[in-house]
Structures are given as C-alpha cells and as structure tokens.
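Asks: Got a predicted structure plus its sequence, pasted below:
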Amino acid sequence: MPGSAAPTSSFAFVAAKADGKKTFGVRPADDEGVLARELSAERLILLRAVALPAWLTDRSGRLGLKDEAEMTAQLGQLLDRGVPLVEALEVTAEAVSTKARPTVRKLGEQVNQGQSFARGALETGAFDEVTAAVFEAAERTGDLGGACGQLSRSAKRRLKITETARTLLFYPAIVLAVSSMVGVFMLVIVVPMVAEAMSDVLEDGQSLPAATEAMAAAGTWLRTNPLIALGIVGGLAIAALVLRRPIASALAPVVRRLPVIRGLVLAQESARFFSVMAAMSRGGVPLADALGVASQTVSHPKLRAELDALRTGLIDGGVLKVLIERVGTLPIGTRRLLIAAERAGDMDAAFETLADDHTAIVEQRSNRLLAVLEPLLIVGIFIVIGSMIIALIAPMLSLSRSAFGS
C-alpha cells in the first residue's frame, strides 16, 4: 500500500538548541518519542510537542518539489560516481530540508534492510506511484543514477511552473488584499458616518437611498459585532481549506473552458506528461507501459482519454504515426515532432525537448494571463469601491437638488 510506512501524525514543537535558544517547527513523526529522537540527532532537545489535526497537515511523508529535485539531483550524481545506494541516501538526507530528512532516512533504512529502492520510495510515501514506477524500471536496467538525474530535471521543470503560478497569483493577491482593506474601512467607518450625517440634515419625509441605507446597516453591524464577523470569515476559510480538493475538482471544468486559461492549463498538463515520458523512456520502459504510467499524471479529461486511446491502439498493433495524429488536443507542431522522432528512432530526445518547450510555453502564457488580469482587477476594484462612493454621493446630490430647488 502506498504510504503505509509514512509517519502517522504531525507535530508542532518547541525545542532547545545547544546554546539555549529555542526553535519552533512542524514535523511528521510516528509519535512524540520518535520526534524527540529525531530532534536529538540534530542536537535539539524537545521541550513541548502538540499533535496537529489531520486536516491541517499532510501526513503522507511526500517530499515537496524542492526536496524532490534536490534529492534526485544529489542521488543521481552520487550513484553515477559509483557511491553505494545506502551511503548515497545517507548523504542525500543532509541535503534536503529538515522536514524531509525523517522520510529520506526511513527510505535509507528500508534499502539497507534489503528493500528495493522503488518499493521503499512507495512505502515511505516519499514519492508518488508514477515516480516509483520510473525507479523500478531504472533498477531493472541498472541506470538508477540516470533516472534520478532525469527526474531531477522533471522536478525542476514542475518547480519552475509552480513558481510561475505563484508569481502569477502574487500581484492579484496584493491588489485584492489592499482593495479589501480599503473596502472594509469605507464600509465600517466612512459609510455609516456619512449616512448618519446625511440623516441628520434630511427633512421630514425624506430618506436615504436604499443602497446607502443597506451599506450603512452592514457597516454598523460589522462595527458592533467584530467577533461574529471574524468568526464567520474564519469558518469560511477553514471550510475552504478542508474542502479545497472538492472545490478544485468542481471548478476545474469551468477553468479549462476559459479562453486565456485554457491554453495555460493544457501547456501545464503537457509539460508534466512529457517530463514523465522522458524519464520513463530514459529508463528503458516500453512506450506502451510508459504511456500507461505517464497518462496518470494528466488531469485534462480530453487529453487523458486520447492518450489512453493511443496506448490501447499501440497495444493492439496500431501504427504509431496514425495514432499520434489522433491526439488532437496536442498542438500540430508537437504531433509532427513526435512523428519525426519516431521515424528517426529518437523518442527520448523528443520527449525531453517537448518537456522544455511546454515549460517555456507555460511561462509565456502565464505572463499573458497576468497582462489580462491587471485591467480586470482594476475593473473589479472600481465596482466594489465605486459602488460605495456612489452610495455616499447619491444622498449628497439629492440634498443639493433639494437645496437648489427650494
């Protein structure tokens, strides 16, 4: 079972250093005793530990992209230089982050006990099934170092895509945060104050516009019930965190249909697919088997269905050139390159090239999406803040007309 040997809990802890200073952190461990021993090996003394709830942390033991890239890069270099696998894992454990060290050490212990590296990678939860399949194929061909190098390049590509996505979201997040603070300030302070001042000068029988009264009532309620408001916001945030996967699954079909985002999502899926195919092909895995593993990394329904059909047709004895032409979701240039590479017998290089090309496309389309988001954000801010300004101006204009009319 994947991940069966992964740590069963995550702990927030306080530990003392050798110089007496305290350090804080979060780390997966089977229990508090195991955590204390792991910290002791790093010359830290556990002072206090609190088990975190399951929904708040990832207890799978899975390495992050940065750790995965660093570990496979170090492992590939050491193995290519003839260092034994157990010793290479000991060295690699010191190269990854503190959070990932227990998982890498546990993997080294399993290998030292005679477990295959691929099986250990799967059981500790350090890598997913796709990566473990690459390791298994590499162990059969005796080129584990080469496979690690290929997986390192693949992880670095995915890391670059992730960093591009974070950069893409950074600007909108800053703008939305600032506009939200301005909006809350206006709603809680400015709108009720102006509405109250306007009410005092209104003549009998006159009233504020409905929109102004509604905003003033909302602002007054927020000002008098801040704890309830914060509780509601916190509850929604926790619900979004707990239900993030169902929410993402529900939004995915909609996102894939948006004009600008559609091409970006497809490029991300293609880059991930070709990265895995490059690693599998380098490991000597037959094309049909590699397709069966790599297609699992694709979440785009149409592309995955076409890749599954390609694999089925290949197993049934179909002509690869014809089968590739049927994968209409991929750009025509990608299909032509694959057909030419198949004819030349150089699929390994084609997969590597396509992985790099689609990673570059992701970056290019991310920049294009950011250029589209900027004016949309400005319009959104105008709608939110502008509606409040209009709610303030409307009663003033009404009073002005009444004054001049009289």
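Replies: Here it is on my side, so go on. Numbering: from 1, shown residues only.

Asks: Pick out the residue nearest the middle of this structure.
Replies: Nearest to the geometric centre of the chain sits Thr162, at 6.5 Å (CA atoms, centre = their mean).

Asks: quick one: contacts for that residue?
Replies: Residues near Thr162 by CB atoms under 8 Å, 6 or more residues apart in numbering: Leu65. Backbone N, C-alpha and C define where each C-beta goes, glycine included.

Asks: Next, it: phi, psi?
Replies: phi -60, psi -40 (degrees, to the nearest 10).

Asks: Quick check, pLDDT for it.
Replies: On pLDDT, Thr162 comes in at 78.

Asks: So it versus Arg256, what's the distance?
Replies: 19 Å (CB to CB, to the nearest Å).

Asks: try Gln74
Replies: 37 Å.

Asks: Give the next helix or strand downstream of the helix or strand hosting Gly33.
Replies: Taking DSSP states H and E as the definition, Gly33 sits inside helix 32-41. On the C-terminal side of helix 32-41, the closest following helix or strand by DSSP H and E is strand 45-51.

Asks: residues near Gly82, how many?
Replies: Residues contacting Gly82 under the criterion other CB atoms under 10 Å number 8.

Asks: Next, give phi and psi for it.
Replies: The phi/psi pair for Gly82 (degrees, to the nearest 10) is phi 90, psi 10.

Asks: Check which helices and strands the top helix by length along the chain sits against.
Replies: For the chain, the helix with the greatest residue count under DSSP state H is helix 347-405. Here helix 347-405 touches helix 144-185, helix 191-201, helix 210-224, helix 259-282, helix 332-344, going by 3 or more CB pairs under 8 Å, 6 or more residues apart in numbering; DSSP states H and E.

Asks: of those helices, which approaches Gly33 most closely?
Replies: Of all these, helix 144-185 sits nearest to Gly33, with 32.8 Å by CB to CB.

Asks: That closest one versus helix 191-201: what angle between them?
Replies: Here helix 144-185 runs at an angle of 10 degrees relative to helix 191-201 (axes from the mean of the first three to the mean of the last three CA atoms, to 10 degrees).

Asks: Between Gln74 and Arg256, which has more neighbouring residues?
Replies: Gln74 (20 against 17).

Asks: quick one: that one and Glu90 touch, right?
Replies: No. Counting by CB atoms under 8 Å, Glu90 is not a contact partner of Gln74; they are 11.1 Å apart.

Asks: Roughly how far does the residue nearest to the centre of the chain sit from Glu129?
Replies: For Thr162 relative to Glu129 (CB to CB), the value is 20 Å.

Asks: swap in Ser40?
Replies: 34 Å.

Asks: Kindly report the same for Phe170.
Replies: 32 Å.

Asks: Kindly report the same for Asp348.
Replies: According to CB to CB, Asp348 and Glu129 sit 22 Å apart.

Asks: When the two are compared, which one has more neighbours?
Replies: The neighbour comparison of Asp348 against Glu129 (other CB under 10 Å) goes to Asp348, with 17 against 12.

Asks: How about the more buried one: what's its closest non-neighbour residue?
Replies: Closest residue in space to Asp348, ignoring its immediate chain neighbours: Ser281 at 4.7 Å, by CB to CB, 6 or more residues apart in numbering.

Asks: same deal with Val255?
Replies: Ile261 (5.5 Å).

Asks: likewise Ser97?
Replies: Asp67 (5.5 Å).

Asks: Tell me who's in contact with the one you found.
Replies: 96-97, 99-100.

Asks: export these to CSV and tack on distance to Leu107 and neighbour count?
Replies: Formatted as CSV, those follow (distance: CB to CB, whole Å; neighbours: other CB atoms under 10 Å):
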residue, distance to Leu107, neighbour count
Val96, 11, 22
Ser97, 15, 13
Lys99, 14, 16
Ala100, 10, 24
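
Asks: count of neighbours near Leu266?
Replies: With other CB under 10 Å as criterion, Leu266 counts 21.

Asks: relative orientation of the helix holding Gly33 and strand 45-51 in degrees?
Replies: 140 degrees.

Asks: packing partners for helix 32-41?
Replies: By 3+ CB pairs under 8 Å, 6+ apart, helix 32-41 packs against strand 9-16, strand 22-29, strand 45-51.

Asks: highest average neighbour count across those strands?
Replies: Scoring these by mean neighbour count under mean count of other CB atoms under 10 Å gives strand 9-16 as the most buried, with a mean of 19.

Asks: For stretch 225-233, buried residues please.
Replies: By 16 or more other CB atoms under 10 Å, stretch 225-233 has no buried positions at all.

Asks: ok, residues contacting it?
Replies: Contacts for stretch 225-233 (CB under 8 Å, 6+ apart): 221-222.
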